[in-house]
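Trainee: Here is my input; please provide its structure:
(chains A and B)
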Amino acid sequence: MQVAGDVESVPAEAKISFRISAIAPQLASGKVVIPPKDFHAALPEQYRALFLADAVEAPVQLSLPDVLANLPGDSLRMRDDQEVFAQDEIFETPFLAKAKEDAERFTQSPEVTRPAAPRPVAEAPKVETPKAELPTGVKAEAPKVTISALPKVEPPKVEAPKPAEEGPKFDAKAAIAQACALAGVSTCSVIFADGLIIAGNIPDDMHMEGLSAVAPTMLKKLEKHMCETQLGPLTCLTVHGEKSPVTFFSAGNLCLTAVHNGTELSAESRRELSRITQELSRTYPQLEAAHVNH
Amino acid sequence: MSIINYASREIQFKIVYYGPALCGKTTNLGYIHQRINPQNRGDLVSLATAADRTLFFDFLPLNALVIKGFVTKFQLYTVPGQVIYNATRQLVLRSVDGIVFVADSQWEKMEENVESFKNLEDNLAKQNMSLDDLPYVLQYNKRDLPNVAPVNYLDYVLNNRKKRVQSFEVVSSTGQNVFATLNAVSQILLHKFSKQSDANRAGAAGVKPGQTRVAPQPQRIVA
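Mentor: Next comes the predicted model:
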């Protein structure tokens, strides 16, 4: 479909309905599409002029969240003859032990990773608005799926994972305090190479998690190429953002992220941060990541 | 099709992490590699492109435990998720014992999940295998993201077969439920082996020490 007007003029609560028979068979495919002609016909009359069928006649893909939010109750019913998995014997594997450790760790600190709460379809938000008119021939069929005429996905707001603030031994926490006391350093975090933040005080609104997570990989790659040069071993990597620079230090399986307070880090601060990172990597060797208590 | 070596009392299971591109298969292995005691694992072998996309496969060998007198080893593989690497996926799937299907929970990845699952079924069929007979579990990854589909929809899309398998909500980037998933598929494999082992013991007198014997189902034989 081609847009042929100002779609902003369509109110957000405008809805469009389709026969369930056109939707249900597609639900298991992970995608729901409607032929352009049917889509056009289902549009409220006053908005039809805004959408014109294109030459390719590509089907219109509906927003899955909108479709699911408006499905009749039993549309996602599982087959009745399912055999449910059952096991009578549990083997004490190392994986089982690690799984238990992890479960405990994540239960203790829900901020690290918020357990995913399955959002029941029945509870999906519904906007009570008048339904769009259906073509005459369609009215007899029920039930219907009604979605927004201009599908807009409003994902549920979930707070971003917060860095944990406690560590067991030499304390990543103590290391953070030491690092932040250095000249030029504003905030810090300590992260494992796999992206798990073990301690830090970088404000959430800086959204440093992603950058910190890729830093160990970047540093490793750079380190390889540094060997080819005459510059000496890599000590740190500074990334200059418009607002503030940030410097990454790596040792073993750990990476320390130091956000500057707007200025450059002095050579002494860099040396000290490097030392702290080395010490942390000895405190948290690869194996002991399992025992980090958040 | 596990390798059982009766001479050295070893059994090897091959577990493949399968799923669409960028769903987190390599991240799973990376986390497992990091958390397992180095004495009980080998190196994580990974062939990736410059953009960290898996080019061939990842491989992680783990020595796990002694069960029924056998040293049990696990070999974890991932497949490249990108559609064009189907030949590699078929290769990696050869002689697979168990599968972890990693689905990306994001709404926009639903179609890719379904396609990847179908691709798995097709590739298994080419090797005369079927998910009906193969131990597998489902992993719904990236549950920490805001735009994820509800679990009941993921179940409807991926777990609506005759046998309902175990599914796990996972955040592989932090490790949440990564081991729970691996443990689940391992338990099924060990359970299967244990049953076969008991059956063998009951009915297989006459196996001499040092002799290699193959369990009842088709297997690779190690001399």
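
Trainee: can you pull out the strands in chain A?
Mentor: Counting by DSSP state E, one finds strands in chain A at the ranges A:2-3, A:15-19, A:33-34, A:51-52, A:60-61, A:83-84, A:144-148, A:185-192, A:197-200, A:237-240, A:245-251, A:254-260.

Trainee: strands paired with the fourth one, and their directions?
Mentor: Spelled out, that is strand A:51-52. strand A:2-3 (antiparallel) (DSSP bridges).

Trainee: any residues touching the partner strand, and which ones?
Mentor: The contact list for strand A:2-3, computed with C-beta atoms under 8 Å, 6 or more residues apart in numbering or on different chains, reads A:50-54. C-beta here means a position set from N, CA and C on the backbone, and glycine is covered the same way.

Trainee: rerun that using 10 Å as the cut-off
Mentor: Under the criterion C-beta atoms under 10 Å, 6 or more residues apart in numbering or on different chains, residues A:36, A:50-56, A:150 lie in contact with strand A:2-3.

Trainee: Mean pLDDT lowest where, among the strands of chain A?
Mentor: Per-stretch mean pLDDT for those is lowest at strand A:144-148 (a mean of 61).

Trainee: returning to that earlier point: would JSON lines of the strands of chain A with distance to B:Tyr153 be doable?
Mentor: Shown next, in JSON lines, are the strands of chain A (distance: least, C-beta to C-beta, whole Å):
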{"stretch": "strand A:2-3", "distance to B:Tyr153": "29"}
{"stretch": "strand A:15-19", "distance to B:Tyr153": "18"}
{"stretch": "strand A:33-34", "distance to B:Tyr153": "17"}
{"stretch": "strand A:51-52", "distance to B:Tyr153": "28"}
{"stretch": "strand A:60-61", "distance to B:Tyr153": "16"}
{"stretch": "strand A:83-84", "distance to B:Tyr153": "19"}
{"stretch": "strand A:144-148", "distance to B:Tyr153": "14"}
{"stretch": "strand A:185-192", "distance to B:Tyr153": "32"}
{"stretch": "strand A:197-200", "distance to B:Tyr153": "30"}
{"stretch": "strand A:237-240", "distance to B:Tyr153": "39"}
{"stretch": "strand A:245-251", "distance to B:Tyr153": "39"}
{"stretch": "strand A:254-260", "distance to B:Tyr153": "36"}
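
Trainee: Among these, single out whichever gets nearest to A:Arg105.
Mentor: With C-beta to C-beta as the measure, strand A:197-200 is the member of the strands of chain A nearest A:Arg105 (10.9 Å).

Trainee: In terms of pLDDT, where does residue 88 sit?
Mentor: Looking at chain A here, since you left the chain open. 71.

Trainee: oops, chain B please
Mentor: The model reports B:Thr88 with a pLDDT of 86.

Trainee: Give the next helix or strand downstream of the host helix or strand of B:Asp122.
Mentor: Take DSSP states H and E as the rule and B:Asp122 turns out to sit in helix B:110-126. The first helix or strand that comes after helix B:110-126 along the chain, using DSSP H and E, is strand B:136-141.

Trainee: Which strands border that next one, and is each parallel or antiparallel?
Mentor: strand B:98-104 (parallel), strand B:167-169 (parallel).

Trainee: most packed of these?
Mentor: strand B:98-104 (a mean of 26; mean count of other C-beta atoms under 10 Å in any protein chain shown).

Trainee: Helices of the stretch 151-294 of chain A, residue ranges please.
Mentor: A:172-180, A:209-226, A:267-283 (DSSP state H, counting those that start in this stretch).

Trainee: which of the ones you listed is buried the deepest?
Mentor: Ranked by mean neighbours (mean count of other C-beta under 10 Å), these are led by helix A:172-180, with a mean of 20.

Trainee: ok, B:Asp122 - how many residues close by?
Mentor: B:Asp122: 12 surrounding residues under other C-beta atoms under 10 Å in any protein chain shown.

Trainee: give me every residue that touches it.
Mentor: The contact partners of B:Asp122, taken as C-beta under 10 Å, 6+ apart, are B:86, B:89-90.

Trainee: buried set for the top helix by length along chain B?
Mentor: What stands out as the longest helix in chain B, according to DSSP state H, is helix B:178-203. Residues B:178-193, B:196-197, B:200 are the ones in helix B:178-203 that count as buried (16 or more other C-beta atoms under 10 Å in any protein chain shown).

Trainee: And for stretch A:230-248?
Mentor: Of the residues in stretch A:230-248, A:234-237, A:245-248 count as buried by neighbour count, 16+ other C-beta under 10 Å.

Trainee: ok, and the helix or strand in chain B with the lowest average confidence?
Mentor: When each helix and strand of chain B is scored by mean pLDDT, DSSP states H and E, strand B:54-67 comes last, with a mean of 66.

Trainee: now the strands paired with strand B:136-141 in JSON lines, with mean pLDDT?
Mentor: Listed next are the strands paired with strand B:136-141 as JSON lines, based on pLDDT from 0 to 100:
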{"stretch": "strand B:98-104", "mean pLDDT": "97"}
{"stretch": "strand B:167-169", "mean pLDDT": "96"}
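
Trainee: Just send these back as JSON lines, with distance to A:Asn253 too.
Mentor: Shown next, in JSON lines, are the strands paired with strand B:136-141 (distance: least, C-beta to C-beta, whole Å):
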{"stretch": "strand B:98-104", "distance to A:Asn253": "23"}
{"stretch": "strand B:167-169", "distance to A:Asn253": "25"}
